[in-house]
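Undergrad: curious how this folds, go ahead:
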Amino acid sequence: MSRTATRRAELLRRVRAAGELGFTELAEQLAVSEMTVRRDAHVLETDGLLRRVHGGVIVNPEQGGVDRLFATGDRDLHPARTAIAALGATLVGEGEAVALGAGAAVVELARVLTGRADLTVVTSGLAVMTVLAATAGPHVLATGGLVEPGRLGLVGDRAEAGYAGVNCDIAFLAADGIGGVGSAVLTSSSEGDARVSVAAVRSARRRVVLADRTTLGRTELFTVVPLTAVDVLVTDAEPDSPFLEPVRAAGVEVLVAAGVPTGPGVS
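TA: Next comes the predicted model:
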């Protein structure tokens with residue numbers, strides 16, 4: 001990801017966290033000129049991600065429909081997930097094929113990638129499709145499958161086959177649980193989601209899990225893959241959290257999103 005794309009992703013994250021920010025304030029926060037911020041804001045507005053107002057920018061209210069899909073009592077985690085997504089986006093190379101599963105953090109990643117017309121995205125996430133379809137960004141290939149109520153993801157044989165028939169450079173997954181202390185498995189509370197996630201993992205050369213602090217130390221009913229099948233974990237947990245010990249022991253690179261406010265869950 002280029003320096004410009006990384007800066008715009010960070011600008012977008014900050015505006016989403018605050019709701020509205022001025023050009024001067026953003027220039028100070030990003031350590032760039034106000035003219036650079038105005039150019040970036042123009043590009044992000046063209047992509048439908050922000051709206052410019054007098055003296056600054058606001059979140060595009062027309063994206064509220066997708067936001068409401070994930071209004072399930074975890075709004076406190078939104079800043080963490082946007083930070084995780086911004087960091088995860090730096091792992092995506094130019095012109096790559098990207099597998100995106102379902103889940104709130106993955107939807108935030110899709111928002112960051114909306115300006116990347118060089119990418120091809122293969123996804124089983126309904127909200128991911130909605131976000132990407134609203135802008136002239138990546139080419140989108142939907143897996144097909146059955147809609148799983150309450151999860152906004154596609155499951156079943158068709159969804160699994162949609163991943164089985166492609167060769168992606170990188171896959172991003174969310175997680176309901178990442179083991180417990182001494183455990184090293186990625187887990188899901190849904191059997192259908194677990195099976196589709198396995199297919200997504202198998203479709204890609206590099207596998208990345210986007211997981212906020214509340215998923216660490218939890219073990220759900222269905223095993224997705226052992227963590228030895230994962231290359232990178234992007235999280236907002238403290239770097240010295242005991243729940244990251246089995247993750248590192250499995251050979252997984254841990255990337256910690258900085259600047260996330262302290263909230264409920266694992267520290």
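
Undergrad: report the beta-bridge partners for the residue lying closest to His42 once chain neighbours are set aside.
TA: Of all residues not flanking His42 in the chain, Arg52 sits nearest, at 7.2 Å (Cβ to Cβ, 6 or more residues apart in numbering). The C-beta positions use only the backbone N, C-alpha and C, and glycine is treated the same way. In this entry, Arg52 is beta-bridged to Val57, by DSSP bridges.

Undergrad: wait, Arg52 touches Arg39, no?
TA: No - in this structure, Arg52 is not within contact of Arg39 by Cβ atoms under 8 Å, at 11.4 Å.

Undergrad: contact partners for the residue nearest to His42?
TA: 41-42, 45 (Cβ atoms under 8 Å, 6 or more residues apart in numbering).

Undergrad: distance of it relative to Leu216?
TA: Relative to Leu216, Arg52 is positioned 38 Å away (Cβ to Cβ, to the nearest Å).

Undergrad: helix, strand, or coil at Ile170?
TA: Following DSSP: H, G, I helix; E, B strand; the rest coil, Ile170 is assigned to strand.

Undergrad: the nearest residue to it once chain neighbours are set aside and Glu148, how far apart?
TA: In space, and not counting its chain neighbours, Ile170 is closest to Arg206: 4.4 Å by Cβ to Cβ, 6+ apart. Arg206 sits 26 Å away from Glu148, taking Cβ to Cβ as the criterion.

Undergrad: tell me which of the two has more neighbours.
TA: Each of Arg206 and Glu148 has its neighbours counted (other Cβ atoms under 10 Å); Glu148 has more, 20 against 16.

Undergrad: excluding chain neighbours, what is closest to that one?
TA: Using Cβ to Cβ, 6+ apart and skipping the chain neighbours, the partner closest in space to Glu148 is Val155 (4.7 Å).

Undergrad: give me the beta-bridge partners of that neighbour?
TA: Residues in a beta bridge with Val155, per DSSP bridges, are Leu146.

Undergrad: surely it touches Arg195?
TA: Yes - using Cβ under 8 Å, Val155 makes contact with Arg195 at a distance of 7.1 Å.

Undergrad: so between those two, which is more surrounded?
TA: Neighbours were tallied for Val155 and for Arg195 using other Cβ under 10 Å; the higher tally belongs to Val155 (23 against 17).

Undergrad: OK, contacts around the more buried one?
TA: Contacts of Val155 (Cβ under 8 Å, 6+ apart): 124, 145-148, 190, 192-193, 195-196.

Undergrad: narrow these to those in helices?
TA: Counting by DSSP state H, these place 192-193, 195-196 in helices.

Undergrad: name the single longest strand found in this protein.
TA: With secondary structure taken from DSSP state E, the chain has its longest strand at strand 204-211.

Undergrad: CA atoms of it as PDB?
TA: Taking only C-alpha atoms (Å, rounded to 0.1, in the frame of the first residue of the first chain), the coordinates of strand 204-211 have been written out as PDB:
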ATOM      1  CA  ALA A 204      -5.000 -17.600  -0.400                       C
ATOM      2  CA  ARG A 205      -1.200 -17.600  -0.100                       C
ATOM      3  CA  ARG A 206      -1.300 -15.300   2.900                       C
ATOM      4  CA  ARG A 207      -3.900 -15.500   5.700                       C
ATOM      5  CA  VAL A 208      -4.700 -12.600   8.000                       C
ATOM      6  CA  VAL A 209      -7.100 -12.500  11.000                       C
ATOM      7  CA  LEU A 210      -8.600  -9.200  12.100                       C
ATOM      8  CA  ALA A 211      -9.600  -9.600  15.700                       C
END
